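>>> Sequence isn't available, so here's the structure alone:
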């Protein structure tokens with residue numbers, strides 16, 4: 001295995017671990033105000049401007065179907081609403097309601113506490129550098145050519161992996 005492969009594997013494993021850690025923190029922050037981390041993620045995407053389900057999915061790096069299911073639940077609970085989209089007749093815009101936006105605002109004080117703790121633990125400049133590096137890594141992953149490589153091995157059927 002090449003050093004590049006080892007780096008990609010290590011980066012992926014660390015990203016998976018970070019994802020779990022961020023989800024745990026998000027649940028910890030969101031639970032007291034009656035939302036889940038997933039609800040917070042989707043509501044947070046439309047804090048400043050309504051977006052389509054597809055745009056939220058692209059921004060958050062999750063599937064359109066997952067966003068649609070979450071948006072439907074949030075609309076049902078009165079935390080989000082669908083609006084007509086002047087740019088597209090069929091793709092509705094999703095927007096937070098005053099109740100939904102208030103739930104997100106209620107998370108802010110505890111979010112600020114944990115953000116300050118992280119900044120203290122890492123140092124503010126190191127924290128900013130980590131965010132910049134993660135952003136650069138995400139942009140590089142977006143630029144990858146994901147077409148199958150010529151001569152690559154045949155895909156392993158899911159039943160062979162279980």
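Cool, the structure landed. Keep in mind the model is a prediction, meaning the values are calculated, not measured.

>>> Show me the strands in the protein, by range?
Using DSSP state E, the strands of the chain run over 51-52, 80-83, 93-96.

>>> Phi, psi for residue 79 please.
phi -90, psi -20 (degrees, to the nearest 10).

>>> check contacts around the residue nearest to the spatial centre of the chain.
Computing the C-alpha centroid of the chain and ranking residues by CA atoms, centre = their mean puts residue 60 first, at 3.7 Å. Applying CB atoms under 8 Å, 6 or more residues apart in numbering, we find residue 60 in contact with 41-42, 45, 67. Quick note: C-beta positions are derived from backbone N, CA and C, even for glycine.

>>> For residue 66, see how far away it is.
9 Å (CB to CB, to the nearest Å).

>>> Kindly report the same for residue 75.
Computed as CB to CB, the residue 75 to residue 66 distance reads 15 Å.

>>> Repeat that for residue 110.
25 Å.

>>> cool, and residue 54?
12 Å.

>>> quick one: which of the two has more around it?
residue 66 (16 against 13; other CB atoms under 10 Å).

>>> OK, contacts around that one?
Counting by CB under 8 Å, 6+ apart, residue 66 has contacts 38, 57.

>>> likewise residue 8?
If you count contacts by CB under 8 Å, 6+ apart, residue 8 has none.

>>> Of the strands of the chain, which stretch is the most buried?
With neighbours defined as mean count of other CB atoms under 10 Å, the strands of the chain peak in mean count at strand 93-96, which reaches a mean of 22.
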